[in-house]
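>>> heads up, no residue letters with this:
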């Protein structure tokens, strides 16, 4: 099992740390290090890291586990991840790095990359996320929806509304949560139908949460 350590985090930003990969631009090095640090992380650590990213942007559905509770963790594997999650906005130069991470084979890399890409205030980031939402792989569509929820851009709402019809329940969940975060009343009708008609309990719960966020 991969063990996350401070040394691993430091190696990720050194030239040639990952065989066959070019060193990222200086302003993207911290993001590259973060993605490297969560690769192979166990599910608990990945969830903690993801919720820390989520809470930095105010996502209430993260379950209340944010930077404060992570700092209090005694697990030495958590601390370097927390230290690396320190940017409200990612640099535009990181779009290729983060876009590629959306389709990475590692689930935690995908999950962390999505909100980081959503924070990039540039059309290229929106394009990458919209394209990923149409990907053949459900895991990619799911994280793309998460990323779109972090954009704060109402132009992504039609794509997320379409995603509520996805054949995979976890993609519908992610789209509903993202719509709730975007807080736009245009989504109420579709979310209400989802709440009433969807057969999946998690989807209905996500729809209920999103409606409460929008109407509350």
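Yep, that arrived. Please read all numbers here as calculations on a predicted model, not as lab measurements.
>>> now residue 143, nearest residue through space, not along the chain?
Using Cβ to Cβ, 6 or more residues apart in numbering and skipping the chain neighbours, the partner closest in space to residue 143 is residue 114 (3.9 Å). In short, each C-beta sits where N, CA and C put it, glycine included.
>>> dump the residue contacts of that neighbour.
102, 129, 143, 144, 146, 147, 150 (Cβ atoms under 8 Å, 6 or more residues apart in numbering).
>>> dump the residues you listed to CSV, plus distance to residue 48 and neighbour count.
As requested, the contacts of residue 114 are arranged in CSV below (distance: Cβ to Cβ, whole Å; neighbours: other Cβ atoms under 10 Å):
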residue, distance to residue 48, neighbour count
102, 21, 26
129, 24, 29
143, 17, 31
144, 22, 32
146, 16, 28
147, 19, 32
150, 18, 26
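>>> so which of these belong to helices?
129, 143, 144, 146, 147 (DSSP state H).
>>> for the second one, list the residues it contacts.
Neighbour list for residue 143: 102, 110, 111, 113, 114, 132, 174 [criterion: Cβ under 8 Å, 6+ apart].
>>> pull out the buried residues from the strand or helix carrying residue 205.
Assigned by DSSP states H and E, residue 205 belongs to helix 201-215. Across helix 201-215, burial judged by 16 or more other Cβ atoms under 10 Å covers 203, 204, 205, 206, 207, 208, 209, 210, 211, 213, 214.
>>> and that helix, what does it pack against?
helix 169-182, helix 188-197 (3 or more Cβ pairs under 8 Å, 6 or more residues apart in numbering; DSSP states H and E).
>>> can you give me the neighbour number for residue 192?
14 (other Cβ atoms under 10 Å).
>>> ok, now which ones touch it?
Shown in contact with residue 192 (Cβ under 8 Å, 6+ apart): 207, 211.
>>> separation between the residue nearest to residue 175 when sequence neighbours are not counted and residue 48?
Nearest residue to residue 175 in three dimensions, chain neighbours excluded: residue 163, at 3.6 Å (Cβ to Cβ, 6+ apart). Using Cβ to Cβ, to the nearest Å, one gets 26 Å for the distance from residue 163 to residue 48.
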